[in-house]
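In: would you be able to build a 3D model of this:
(one chain, ligands or ions: 1)
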Amino acid sequence: MARAAKSKPLRDVADLTKAQAKVEHMRLALELEEHDKRYYQDDAPTVSDAEYDALRKRFNAIEKRFSEFVTGESPSQKVGAAPSGRFKKVRHAIPMLSLDNAFAEEDVRDFVGRIVRFLKLDDDKIDFSAEPKIDGLSMSLRYEGGELVTAATRGDGAEGEDVTANIRTLEDVPERLKGRNVPDICEVRGEVYMTKKAFLALNRKQVEAGEAPFANPRNSAAGSLRQKDPTITASRPLGFFAYAWGEMSDMPEDTQSGMIGWFERCGFTTNPLTKLCHSVEDLLAFHRKIEEQRATLDYDIDGVVYKVDRIDWQERLGFVSRTPRWGIAHKFPAEQAMTVLRDIEIQVGRTGSFTPVGKLEPVGVGGVIVQNVTLHNEDYIRGIGSKGEELREGRDIRIGDTVVIQRAGDVIPQVVDVVMDKRPKGAKEFHFPKKCPCPLHTDVVREETAAGEEGSRARCTGEFACPYQKIEHLKLFVSRRAFDIDGLGEKQLQYFFDEGFVKEPADIFTLPKRNAKLKLEEIEGYGETSVRNLFASIESRRKIALERFVFALGMRHVGETTALALARGYGSWDAFHDACLKVAKGDEEAIAEMDALDQIGDTVIRSIADYFGESHNRGIVERLVKELDEIVDAEKPKSNSAVAGKTVVFTGSLEKMTRDEAKATAERLGAKVSGSVSKKTDLVVAGPGAGSKLADANKHGVKVLTEDEWLKLIGE
Ligand code: IVH
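Out: Numbering: from 1, shown residues only. From the prediction side, this is the model:
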């Protein structure tokens with residue numbers, strides 16, 4: 001990104017050199033992101049819709065000419081971000097959550113078993129509503145006094161986008177609920193989808209008009225719904241199946257199947273394949289039958305959904321974090337495709353580890369165009385698995401090979417086979433780099449496993465001197481789940497880093513006071529508003545929750561969940577920091593204390609010790625903390641239950657609940673669940689087969705309860 005005068009006459013996109021186009025592409029990306037933010041989040045747009053559309057048109061024209069500029073981050077690639085589709089936000093009265101997945105028959109049996117145990121039923125006579133899992137977009141339709149008032153997309157589950165005007169154009173969505181005595185408030189939820197036929201026709205039109213085709217019906221439904229002009233949505237045939245509800249001032253029925261019948265009576269379309277099942281065998285037969293019919297259906301489905309039919313049971317079963325215990329999505333097996341591997345590139349991650357990425361001849365797999373595939377590590381390319389076993393019967397992967405790739409659910413596509421018959425003479429073996437591709441060209445080593453053996457991951461030894469690692473860490477630091485700093489996207493950050501404005505996290509916080517010299521507002525495409533917003537965001541982040549702070553440090557093996565466990569375990573930054581310094585010095589008591597925390601084991605402890613053992617890292621942390629106003633203590637689950645604040649260890653086999661259920665219940669009641677017994681443990685719940693933990697409990701004089709005594713104690 002170059003500094004330049006702010007306004008220049010625009011040159012025709014066709015006359016731009018590649019370098020000029022690149023600079024302008026970056027500038028426009030920043031500008032569009034900025035306008036989107038001002039429009040969506042601040043409700044304060046600074047340009048007219050026409051000006052905005054002109055910017056986007058030019059941006060699209062550049063991407064059309066230089067397709068290599070298109071990355072996953074590009075504003076053109078954000079799913080459903082239609083040319084001028086900008087919508088108001090709507091907070092859902094009841095969050096829109098998602099379903100857990102089952103893949104194997106065993107998973108479905110476990111699901112039913114868990115429900116029987118949870119409800120303490122004597123037999124497994126439970127009715128389930130079995131429904132196709134429509135691969136579209138979930139939608140919440142709010143009716144007040146029987147009239148449609150708002151239609152909102154799922155968004156992040158808590159807040160979606162208001163697409164009411166567009167939804168009103170769908171034939172399957174009644175403006176007014178049919179029937180008398182409908183509850184005053186009804187939120188009807190379901191899936192908006194596009195038929196396969198309509199998708200193919202739309203893509204033909206897109207290509208004829210010189211526009212990019214949509215990857216799959218789901219994306220085209222999203223794109224069609226997020227049109228600013230509802231007449232465009234109306235011209236694109238979208239359907240809606242009703243299958244769930246949100247806020248209801250009164251429940252008209254007491255079963256899921258009853259509700260589906262009620263939706264129909266109200267004027268909705270429900271999926272005709274929905275069936276009431278009475279046993280696990282029924283569910284599995286339903287799955288098989290729908291899978292057979294899948295290809296003949298005119299809409300995409302990616303599995304089936306099973307839901308406990310009785311709503312009072314659904315309520316008792318409740319949710320575990322963000323998915324219900326009463327429902328599950330039984331997915332169809334992965335889909336495969338064959339294509340050619342064009343090249344292999346190395347990506348260097350924030351902790352220096354190398355990931356080889358296969359660059360493919362683009363291919364559609366289950367409706368999604370796949371261009372990249374992870375090749376994991378050197379051994380994987382050679383055909384060796386993590387335990388030394390043969391992969392693909394030992395067939396290695398070479399550049400130029402025809403490979404079979406597989407996509408299962410949302411996981412990253414994998415290479416499941418190499419077609420040896422198609423291996424060309426010139427297929428090139430890939431030699432894993434011995435030096436980091438960063439400018440330091442430092443040596444590459446293979447990581448050690450927890451057992452101290454040579455692992456399969458290669459890493460750069462440049463540590464904090466490797467610029468690739470530094471920038472990756474900074475990206476994590478500003479990301480939404482860490483410090484969440486608005487206005488510092490990947491491109492801007494890279495630019496600030498390359499220019500030396502930001503070398504480490506603390507530098508972000510000193511930007512405002514250094515700006516008299518830096519003059520960020522003079523950077524082309526940045527502007528005063530961007531700088532003002534960036535600084536406002538920086539100021540608002542000087543107070544941060546402990547778990548976010550710990551995650552943002554970017555220590556190896558300390559992801560969000562581990563950071564939360566550490567934050568909850570220590571409560572305050574001072575306590576955690578103090579423990580880390582002690583752990584780094586090998587203080588045995590501090591190590592044992594950390595080890596006693598739930599979810600924390602050797603690998604994490606070693607990583608924390610490595611990180612805090614390095615004076616450079618301690619400096620980074622110290623300088624960062626100085627810039628902050630407050631690191632907010634971690635919230636401990638509050639409760640007045642008999643076990644609130646107590647540390648509990650479960651051991652042996654539990655008969656009335658799974659470990660996960662036991663843990664979820666204990667945590668909900670304010671207890672801390674630990675993986676090992678120490679003198680700080682308050683209770684050990686021991687089932688049959690309990691071994692060393694029970695012995696440890698006796699050694700430390702910790703109270704031991706049977707499963708029944710535990711249930712009695714917590715009142716269940
Ligand atoms: S019920 C608590 N029923 O699948 C969630 N969802 O992972 C209740 N979906 O976001 C959802 N068909 O978009 C339900 N018959 C069906 C569905 C269905 C498709 C989607 C929906 C949801 C996702 C769940």
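
In: ok, then the element right after the strand or helix carrying residue 663?
Out: Secondary structure from DSSP states H and E places residue 663 in helix 659-668. Sequence order places strand 672-673 as the next helix or strand after helix 659-668, per DSSP H and E.

In: that following strand packs against which elements?
Out: Under the contact criterion of 3 or more C-beta pairs under 8 Å, 6 or more residues apart in numbering; DSSP states H and E, strand 672-673 touches strand 647-651, helix 659-668. C-beta here means a position set from N, CA and C on the backbone, and glycine is covered the same way.

In: quick one: which helix or strand includes the residue in the stretch 301-450 of the chain positioned nearest to the ligand?
Out: Nearest residue of the stretch 301-450 of the chain to the ligand (C-beta to the nearest ligand atom) works out as residue 305 at 4.3 Å. In this structure, residue 305 sits in strand 301-308 according to DSSP H and E.

In: over to residue 381?
Out: Per DSSP H and E: helix 378-382 holds residue 381.

In: what does that helix rub up against?
Out: By C-beta atoms under 8 Å, 6 or more residues apart in numbering, the residues outside helix 378-382 that reach it are 344, 356, 375, 385-386, 391, 396-397, 430, 432, 446, 456, 458.

In: now do 10 Å
Out: 344, 354, 356, 358, 374-375, 384-386, 388, 391-392, 394-398, 414-415, 429-433, 444, 446, 455-458 (C-beta atoms under 10 Å, 6 or more residues apart in numbering).

In: hang on, the earlier thing: and the helix holding residue 663, how far from the chain's centre?
Out: 23 Å (C-alpha atoms, centre = their mean, to the nearest Å).

In: how about stretch 631-647?
Out: 27 Å.

In: list the buried ones in that stretch?
Out: Within stretch 631-647, the residues scored as buried using 16 or more other C-beta atoms under 10 Å are 631, 634, 641, 643, 646, 647.

In: closest to the ligand among those?
Out: Nearest member of the buried residues of stretch 631-647 to the ligand, counting by C-beta to the nearest ligand atom, is residue 641, at 26.5 Å.

In: quick check: pLDDT value at the residue lying closest to that closest one once chain neighbours are set aside.
Out: Counting by C-beta to C-beta, 6 or more residues apart in numbering, residue 641 lies nearest to residue 669, which is 4.0 Å off, once chain neighbours are set aside. pLDDT, residue 669: 80.

In: now do residue 63
Out: pLDDT, residue 63: 82.

In: number of residues surrounding it?
Out: By the criterion of other C-beta atoms under 10 Å, residue 63 has 22 neighbours.

In: that one sits in which helix or strand?
Out: Here residue 63 is assigned to helix 49-65, by DSSP H and E.

In: and the closest residue to the ligand within the stretch 151-300 of the chain, how far is that from residue 190?
Out: Scanning the stretch 151-300 of the chain for the residue nearest the ligand gives residue 243, at 4.0 Å (criterion: C-beta to the nearest ligand atom). Per C-beta to C-beta, to the nearest Å, residue 243 is found 5 Å from residue 190.

In: try residue 610
Out: Following C-beta to C-beta, the distance that separates residue 610 from residue 190 is 50 Å.

In: okay, the two: which has more neighbours?
Out: In terms of neighbours (other C-beta under 10 Å), residue 190 is the more surrounded of residue 610 and residue 190; the figures are 26 against 15.

In: neighbours around the closest residue in space to residue 93 that isn't next to it in sequence, how many?
Out: Nearest residue to residue 93, sequence neighbours excluded (C-beta to C-beta, 6+ apart): residue 247, at 4.0 Å. By other C-beta under 10 Å, 13 other residues sit near residue 247.

In: shouldn't residue 247 be in contact with residue 150?
Out: No. Counting by C-beta atoms under 10 Å, residue 247 does not reach residue 150; the two are 11.3 Å apart.

In: quickly list what's touching both of those two.
Out: What both residue 247 and residue 150 touch, as defined by C-beta under 10 Å, 6+ apart, is the set 92, 93, 140, 142, 187.

In: ok, the closest residue to residue 308 other than its chain neighbours - contacts?
Out: Excluding its sequence neighbours, the residue lying closest to residue 308 (C-beta to C-beta, 6+ apart) is residue 326, at 4.1 Å. Listed by C-beta under 10 Å, 6+ apart, the contact set of residue 326 reads 99, 111, 115, 118-119, 126, 128, 256, 306-311, 313-319.

In: tell me the most buried of the helices and strands packed on strand 672-673?
Out: strand 647-651 (a mean of 23; mean count of other C-beta atoms under 10 Å).

In: who does that strand pair up with?
Out: With DSSP bridges as the test, strand 647-651 is paired with strand 672-673 (parallel), strand 683-686 (parallel).

In: follow-up on the earlier one: for PyMOL, what selects the buried ones among the contacts of helix 378-382?
Out: In PyMOL, this line selects whichever of those come out buried by 16+ other C-beta under 10 Å:
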select buried, resi 344+354+356+358+374+375+384+391+392+395+396+397+398+414+415+430+432+444+446+455+456+457+458
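
In: the ligand next: which of the contacts of helix 378-382 are close?
Out: Near the ligand, taking C-beta under 6 Å from any ligand atom as the test, no member of the contacts of helix 378-382 is found.

In: double-check that residue 457 belongs to a strand.
Out: Yes. Under DSSP: H, G, I helix; E, B strand; the rest coil, residue 457 falls within a strand.

In: my read: it touches residue 432, true?
Out: No. Taking C-beta under 10 Å as the definition, residue 457 is not a contact partner of residue 432, at 11.2 Å.

In: need the phi and psi values for the residue nearest to residue 356 when sequence neighbours are not counted.
Out: Nearest residue to residue 356, sequence neighbours excluded (C-beta to C-beta, 6+ apart): residue 375, at 4.2 Å. Note on residue 375: its backbone torsions stand at phi -110, psi 10 [degrees, to the nearest 10].

In: now the buried residues of stretch 631-647 in a markdown table, with pLDDT?
Out: A markdown table is the format used below for these (pLDDT from 0 to 100):
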| residue | pLDDT |
| --- | --- |
| 631 | 97 |
| 634 | 89 |
| 641 | 79 |
| 643 | 87 |
| 646 | 87 |
| 647 | 90 |
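
In: can you report how many residues neighbour the residue nearest to residue 641?
Out: 21.

In: pLDDT of the strand ranked longest in the chain, averaged?
Out: Secondary structure of the chain read by DSSP state E shows that its longest strand is strand 335-348. Averaged across strand 335-348, pLDDT comes to 91.
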